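K.L.:
Predicted model, plus sequence, below.
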Amino acid sequence: MIEVKHLIKRYGDKQAVNDISFKVEKGEILGFLGPNGAGKSTTMNMLTGYISSTSGQILINGVDILEDPIKAKANIGYLPEIPPLYVDMTVDAYLGFMYDLKKCKLSRKAHLKEVCDLCKLSGVRNRLIRNLSKGYKQRVGLAQALINNPPVLILDEPTVGLDPNQIIEIRTLIKKLGKNHTVILSSHILQEIQAVCDRIIIINKGVVAADGTADEIASKLTNEHKMTVRIEGDTHTADDKNKIVDALKSIDGVKYVRADMEREKGIYDFDVETDGETDVRRAINRMCTENGWNILMLQLSDMTLEDIFIKITMGDDLRRNDSKSNKKKAPKIKLNVKDGELVAEADDEKPAENNDKKEEGGEE
Amino acid sequence: MGAIYRREMGAFFTSGVAYVFLSVFFLLSGIFFFNGVIASGTTETSALFSSMFIVVLFLIPILTMKLMSEEKKNRTDQGLLTAPIGLWSIVLGKYLAALTLFIIAESIVFVYSIILAYLGDVVWSTLLGNYFAMLFLGAAFIAVGLFISSLTENQMAAAVASMLVLFVLYLFDSLSANINSELIKKIMASLSFYSRYLEFTQGVFNLSSIVFFLSVAFLFNFFTVRVLDKRRWG
């Protein structure tokens, strides 16, 4: 459906997009994830023909967007970051204009009604766009993308600025649309991508940093294993805690141990991180038996998408894991070799950006 | 093209630009008509048309200032440029909308001619000649204004710059009189919108001037298309 090959976009000296390649199949919902300025919007603008690539090729339904832009664009519905709305028009007049602009051949009245119903705009069709709330404006933007029923939908941060209920509505709508459209969706909200997308591409500094499902990315990106163990000592005092920490630390393959809160009276949880090569669960069990302690709980805590995102975009330990996972596990996903540079380049502004991201994500 | 044309026509009226443009045009042309024609006791309309040159010069930028700049400012150009249409359709749709409004405005002369017909004999050939001369002049000016509007996001800047450019073109005539170099003089004279337009109002129907106005119109629409195209490569 969509094929992107070695896409590069340069603005003067600045490389906004640096050799991105991917493929999206029909009926797939693909999420673009990345911090601000990662190249998400630039990539989307190139996909939709709004800007040209410096080099590389984009095929929409087999049609090159630069060679036959009109034919390629006819297959795309695009919701840019800022919806292209004429605020002095009514919703109906505007959608009618987009209907004409896209040379839509579907029955006018029925199609506009269908799109309005889908985007829940039926109640505001005669109102001026200027007077609509941000959420409604966003929906009008989505509605114009849906006009002429294009097989490909490209949505740039479709839920930005919406309230939680509206976000859920739009997400549900996108999921629904994903059944018979190919959707590319960008966001810096992790939960959103996780909730809606079948597949995720993480873009950082203009390159594809990871490509796959959330689970795939998680398992390939890291060999570290974290687990939480709740161990009952024999004296039910703080002494237990120190003893157990020491004992856990002495196990082969354990890298890091931290005593967590007192979850039950006199019983503590311990966060254990291993080197990822040794399975330490049995050793922990043996150790407890030898000391007469009881394991009350053992939980492997996998990386969340959030952990992955921060790891990739901040370049934390990426180089090591990257090379390992590439060699040992022969991953299905592509981990770009250039990731190595990301680590080296991780500069001052990155952490700040990520904090923003986290906060925004947390609001959802 | 049709969709954009219709939207622009609607926008002229909803934004009030059309009303300002038409009322100012009607008011000033009415004054010139009364002063230059009726009060002078003649049915000769050339005086009216030659006076209208400067009015057209200052009014057309008001018509064209928003056409491209607003799209860029509100990011609505993203909707147009990602729609399955060519750049020429976008530019011509807007161009023709402005030209239509201009034709509506200048067609007021037919109302005047009806009034004249009551008072005496109207020289229809000069009237029609003048009418078309103004049409060609407007066609060229609108293309220039549209092009300047595509260069900025600020509609006021577009309006002021367009007025300035058109006014300087108008001044070419008085300027060229004081220039010694024959070549420059010749170039300036051939670029003079005003003297070409004046010829028409004096009853000279010059084909090369028509070609000149239409060429200017084509050229500047072409430039506007290039500006839109270039933006993609930015």
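P.N.:
Looks like it arrived, so ask away. Residues are numbered from 1 along each chain as shown, chains lettered A, B, ... in the order given.
K.L.:
Could you use CA atoms for every contact and neighbour count after this?
P.N.:
Fine.
K.L.:
Need the phi and psi values for A:Leu146.
P.N.:
phi -80, psi -10 (degrees, to the nearest 10).
K.L.:
how many neighbours does the closest residue to it other than its chain neighbours have?
P.N.:
Nearest non-adjacent residue to A:Leu146, counting by CA to CA, 6 or more residues apart in numbering or on different chains: A:Gly77, 5.9 Å away. Under the neighbour criterion other CA atoms under 10 Å in any protein chain shown, A:Gly77 is assigned a count of 27.
K.L.:
Please name the residues that touch A:Gly77.
P.N.:
A:Gln144, A:Ala145, A:Leu146, A:Ile147, A:Asn149, A:Pro150, A:Pro151, A:Val152, A:Leu153, A:Ile154 (CA atoms under 8 Å, 6 or more residues apart in numbering or on different chains).
K.L.:
Is it correct that it falls within a helix?
P.N.:
No. In this structure, A:Gly77 is strand, not part of a helix, as judged by DSSP: H, G, I helix; E, B strand; the rest coil.
K.L.:
need the helices for chain B, in chain order.
P.N.:
In chain B, the helices defined using DSSP state H lie at B:2-14, B:17-32, B:46-73, B:77-81, B:87-106, B:108-119, B:124-149, B:155-176, B:182-190, B:193-201, B:207-233.
K.L.:
Redo those as JSON lines? Include distance to chain A and mean neighbour count.
P.N.:
Below are the helices of chain B laid out as JSON lines (distance: least, CA to the nearest CA, whole Å; neighbours: other CA atoms under 10 Å in any protein chain shown):
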{"stretch": "helix B:2-14", "distance to chain A": "5", "mean neighbour count": "18"}
{"stretch": "helix B:17-32", "distance to chain A": "13", "mean neighbour count": "17"}
{"stretch": "helix B:46-73", "distance to chain A": "9", "mean neighbour count": "21"}
{"stretch": "helix B:77-81", "distance to chain A": "5", "mean neighbour count": "22"}
{"stretch": "helix B:87-106", "distance to chain A": "10", "mean neighbour count": "20"}
{"stretch": "helix B:108-119", "distance to chain A": "29", "mean neighbour count": "14"}
{"stretch": "helix B:124-149", "distance to chain A": "18", "mean neighbour count": "23"}
{"stretch": "helix B:155-176", "distance to chain A": "16", "mean neighbour count": "18"}
{"stretch": "helix B:182-190", "distance to chain A": "38", "mean neighbour count": "14"}
{"stretch": "helix B:193-201", "distance to chain A": "36", "mean neighbour count": "21"}
{"stretch": "helix B:207-233", "distance to chain A": "4", "mean neighbour count": "17"}
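K.L.:
The ones you listed: which one's closest to A:Thr172?
P.N.:
Set against A:Thr172 and scored by CA to CA, the helices of chain B come closest in helix B:77-81, at 24.4 Å.
K.L.:
who touches the closest one?
P.N.:
Helix B:77-81 has contacts (CA under 8 Å, 6+ apart) with A:Gly49, A:Tyr50, A:Tyr78, A:Pro80, A:Pro84, A:Leu101, B:Glu71, B:Leu87, B:Ile90.
K.L.:
ok and the residue in the stretch 151-300 of chain A nearest chain B?
P.N.:
Here the residue of the stretch 151-300 of chain A nearest chain B is A:Ile154; by CA to the nearest CA that distance is 11.2 Å.
K.L.:
State whether that residue is indeed within a helix.
P.N.:
No. Using three-state DSSP, the assignment for A:Ile154 is strand, not a helix.
K.L.:
Name the nearest residue to A:Ala145, sequence neighbours excluded.
P.N.:
Using CA to CA, 6+ apart, the closest residue to A:Ala145 is A:Gly77 (4.2 Å).
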